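[1] any chance you can model this:
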Amino acid sequence: MSLCDVRSKSRIYNIHLKMLDRCNNPSNEYYKNYGGRGISVCKEWTDDRKSFFEWALNNGYTEVLTLERINNDKEYSPSNCTWKTRSEQMMNTRRIKSNNTSGHRGVSKCKQTGKFASYVNVNNKRVFHKRFDTLIEAAVARDSYIINNGLGHTLTIPHSERIKYASASVA
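    From the prediction side, this is the model:
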């Protein structure tokens, strides 16, 4: 695909249009999850559609991939976006399953022991599983495993909170 192939009916054109709409249009049904929580599109991609198309074509865009923000709390920009399959992208979602009782992704409370289990799955295989006395210890351990192993999973605790808990556990 070349830039000449990018037309208003093309998939890549619609990806750009929908990205802008969910970040800038309060009437968009998804605005609350994007623009409504401060997610924006970088000036380069907002002002110049061609720069988005060039970035996409030079960074692995294909008709089967979806645009993903690497950090779900940051803007759409060349440094924070990549192309992923739908199944890869589902690992990087803010949603927590409805049966989650701890309120933290990848953490559950064991009814028998009262301890908190922390776990990470990669390709439907459990790669990390440990038990902790407190919910916060379990959540921090899970996030640390994800960060230390360079996994693309959504973190449980915001960065500022993680620093606070990490420094408190050292003291």
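[2] so what touches stretch 127-136?
    102, 104, 107, 109-110, 113, 115-121, 138, 141-142, 145, 149, 157, 165 (C-beta atoms under 8 Å, 6 or more residues apart in numbering). For glycine as for every other residue, the C-beta is placed from the backbone atoms N, C-alpha and C.
[3] may I see the buried residues of that stretch?
    128, 132, 135, 136 (16 or more other C-beta atoms under 10 Å).
[4] mark out where each domain of this protein begins and ends.
    3-90, 107-170 (automatic domain parsing).
[5] what's the spacing between residue 138 and residue 131?
    Residue 138 is 8 Å from residue 131, where distance means C-beta to C-beta, to the nearest Å.
[6] which residues are common contacts for these two?
    Contacts common to residue 138 and residue 131, judged by C-beta under 8 Å, 6+ apart, are 116, 117, 118.
[7] for residue 134, see how far away the residue in the chain sticking out farthest from the centre is.
    Computed with C-alpha atoms, centre = their mean, the residue of the chain farthest from its C-alpha average is residue 112, at 32.7 Å. Counting by C-beta to C-beta, the separation of residue 112 from residue 134 is 17 Å.
[8] and the pLDDT at residue 76?
    On pLDDT, residue 76 comes in at 96.
[9] what is the burial count for it?
    Around residue 76 there are 22 other residues, counting by other C-beta atoms under 10 Å.
[10] go on, residue 14?
    Residue 14 has 11 nearby residues by other C-beta under 10 Å.
[11] okay, strands next: where are they in this protein?
    Listed in chain order, the strands of the chain (DSSP state E) span residues 66-69, 81-84, 107-109, 116-122, 125-132.
[12] quick one on the thing from earlier: can you tell me which of the shared contacts of residue 138 and residue 131 has the most neighbours?
    residue 118 (26 neighbours).
[13] correct me, but it touches residue 106?
    Yes: Residue 118 is within contact range of residue 106, at 6.3 Å (criterion: C-beta atoms under 8 Å).
[14] need the residues touching each of the two.
    Taking C-beta under 8 Å, 6+ apart as the criterion, residue 118 and residue 106 both touch 139, 142.
[15] quick one: the helices in the protein?
    Under the criterion DSSP state H, the chain contains helices at 11-24, 43-47, 49-58, 86-90, 135-148, 159-170.
[16] for the protein, give me the ranges with low pLDDT.
    Flagging of the chain using pLDDT under 70 yields the residue ranges 1-8, 87-103, 158-171.
[17] again, 50 this time
    Counting by pLDDT under 50, the chain shows low-confidence ranges at 1-5, 170-171.
[18] look up how far residue 135 lies from the residue farthest from the centre of the chain.
    For residue 112, the distance to residue 135 - C-beta to C-beta - is 17 Å.
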